[in-house]
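Asks: Sequence below, structure please.
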Amino acid sequence: MKKNYKFKISIVIYTLFTGFLFYLMPISAAYAYNYIPLPHYLPNNFLKQILVKITKQNIKEYTHELPTGRFISPVGKITATQNFPTNVKVYKNYIIIVSNPSKKIQKLTLYNRKNLKPIAILEAFEGRNNVEYNGPIIEFAQPSDLKKYPEYNTSSELFSSNITIPYSKIPTTVITHQSFFQGLTVSKNGTMYAAGGVTGNVLAVKYIKGRLKALKSYHLKWQSFPKNQYPYQYQGHQNIRPYLFYPDYVTLSKNQKSIYATGLLSNSIAKINLKTGVVKYANAGPYPFAVSLADNGKRIIVSDWGGDDVRVFTSSLKYLGKISFDKCLTIIPAYRHIKPCPDTIC
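Replies: The predicted model follows:
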């Protein structure tokens with residue numbers, strides 16, 4: 001009886017252990033790919049970043065229903081990206097994507113435009129060291145020599161720290177004290193400018209000798225514009241000190257000498273001189289979100305996420321007025337009382 005009893009206990013333990021291993025398999029796969037967490041409902045080829053051409057035969061596999069009840073289907077060719085991509089830009093033979101997963105690491109990924117293969121990655125995290133980052137870092141390389149690029153060597157803050165990632169052929173650079181949000185734009189010479197969000201800066205990045213390198217950081221300060229606008233109340237309730245400018249969207253001026261950045265938590269629009277770093281600010285209403293050029297660069301349009309309007313400025317940030325919207329138009333009757341919240345503009 002005792003032997004039989006021990007045998008039954010062994011079987012139970014083995015079964016539980018096996019079940020636990022099967023439970024961990026999807027988690028391990030998610031970490032290995034670092035793209036879309038498992039379990040999932042997408043074909044394996046997509047998750048493994050194999051280029052997929054959408055056809056009549058496979059379109060149902062990639063068709064999904066939105067929370068609003070509408071359906072969405074891709075066209076052409078697709079491949080997987082890092083988790084939660086928020087912006088994409090095209091420059092010559094490249095595609096640049098910024099991704100903001102719900103963790104402390106954000107990424108800029110450079111893709112080949114023809115085959116959609118990733119060719120370089122820049123990872124950013126806020127920490128001083130890699131203690132909080134449990135990714136597969138092996139070693140830090142020596143700081144990059146930017147003396148060969150004097151036009152970028154005027155920065156008050158330069159970054160380097162290239163790293164090696166095992167089992168990956170994608171050249172990856174990691175920088176600390178940095179975050180990314182949604183804003184991304186590319187100049188005519190290929191310099192990328194990414195909004196820093198919580199780190200309160202705009203970061204200049206360029207693809208140099210097979211790697212994405214951070215070149216210059218433009219810091220932005222919180223502005224004491226009308227405190228009755230939502231972001232101030234939000235930050236005050238959260239006891240955040242100091243208050244944050246929180247750059248969201250960015251766009252280049254027509255002459256490519258300046259960048260406009262919206263301050264999501266500062267009710268601000270900023271104009272940054274890319275050569276001198278001098279910044280000019282203006283009040284842009286509650287929760288300014290996206291920014292775009294109009295009238296051949298003579299006007300700057302800012303959408304107020306916390307209001308029901310877009311605001312218009314001259315290229316020198318002189319306020320011209322605002323355009324208000326009617327009540328929100330939606331297919332869901334219960335939401336029709338909500339004021340419109342202008343989002344992205346183009």
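
Asks: Which residues are in contact with the closest residue to residue 321 other than its chain neighbours?
Replies: Excluding the flanking residues, the one nearest residue 321 by C-beta to C-beta, 6 or more residues apart in numbering is residue 312, at 5.6 Å. (Each C-beta comes from the backbone N, C-alpha and C, glycine too.) Going by C-beta atoms under 8 Å, 6 or more residues apart in numbering, residue 312 touches 294, 299, 300, 301, 302, 319, 320, 321, 322, 323.

Asks: how many neighbours does the fifth one have?
Replies: Put plainly, it is residue 302. For residue 302, the count of nearby residues is 26 (other C-beta atoms under 10 Å).

Asks: Next up, phi/psi of it, please.
Replies: Dihedral angles of residue 302 (phi, psi; degrees, to the nearest 10) stand at phi -120, psi 130.

Asks: got the contact list for it?
Replies: Listed by C-beta under 8 Å, 6+ apart, the contact partners of residue 302 are 262, 269, 284, 285, 288, 289, 290, 291, 310, 311, 312, 313.

Asks: Show me which of those residues is closest to residue 207.
Replies: If you rank these by distance to residue 207 using C-beta to C-beta, residue 291 comes first, at 24.6 Å.

Asks: For the closest one, I want the exact helix or strand it lies within.
Replies: Per DSSP states H and E: residue 291 is located in strand 288-294.

Asks: just to revisit the earlier point, include distance to residue 57 when you put the contacts of residue 302 into CSV, please.
Replies: Output for those, formatted as CSV (distance: C-beta to C-beta, whole Å):
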residue, distance to residue 57
262, 44
269, 48
284, 49
285, 49
288, 45
289, 40
290, 38
291, 42
310, 43
311, 48
312, 49
313, 50
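
Asks: now residue 250: how far from residue 286?
Replies: 19 Å (C-beta to C-beta, to the nearest Å).

Asks: neighbour count winner among these two?
Replies: Per other C-beta under 10 Å, whichever of residue 250 and residue 286 has more neighbours is residue 250, with 26 against 21.

Asks: what's downstream of the helix or strand harbouring the residue nearest to residue 321, the next helix or strand?
Replies: Taking DSSP H and E as the definition, one finds residue 312 inside strand 309-314. Toward the C-terminal end, the helix or strand that comes next after strand 309-314 (DSSP H and E) is strand 319-324.

Asks: So which helix or strand of the protein has the lowest pLDDT on average?
Replies: strand 162-163 (a mean of 39; mean pLDDT, DSSP states H and E).

Asks: Can you list the low-confidence ranges for this structure?
Replies: Applying pLDDT under 70 to the chain flags residues 1-49, 101-103, 127-168, 226-242, 326-346.

Asks: Outline the domain layout of it.
Replies: 1-33, 45-80, 83-219, 235-346 (automatic domain parsing).

Asks: residues contacting residue 98?
Replies: So residue 98 contacts 85, 86, 87, 88, 106, 107, 108, 180, 182, 184, 194 (C-beta under 8 Å, 6+ apart).

Asks: Can you tell me which of these has the most neighbours?
Replies: Using other C-beta under 10 Å as the neighbour test, the contacts of residue 98 are led by residue 194, with 30 neighbours.

Asks: still on that earlier bit, can you give me the buried ones in the strand holding residue 291?
Replies: 288, 289, 290, 291, 292, 293 (16 or more other C-beta atoms under 10 Å).

Asks: With stretch 183-193 instead?
Replies: If you call a residue buried by 16+ other C-beta under 10 Å, then stretch 183-193 has these buried ones: 183, 184, 185, 186, 187, 191, 192, 193.

Asks: Just give the closest residue to the second one, not the sequence neighbours.
Replies: Closest residue in space to residue 184, ignoring its immediate chain neighbours: residue 87 at 4.3 Å, by C-beta to C-beta, 6+ apart.

Asks: Pull up the gap between that neighbour and residue 279, please.
Replies: Separation of residue 87 from residue 279 (C-beta to C-beta): 22 Å.

Asks: same deal with residue 97?
Replies: Using C-beta to C-beta, residue 97 is found at 27 Å from residue 279.

Asks: residue ranges for the helices of the stretch 201-346 of the chain, please.
Replies: Assigned by DSSP state H, counting those that start in this stretch, the stretch 201-346 of the chain shows helices spanning 230-237.
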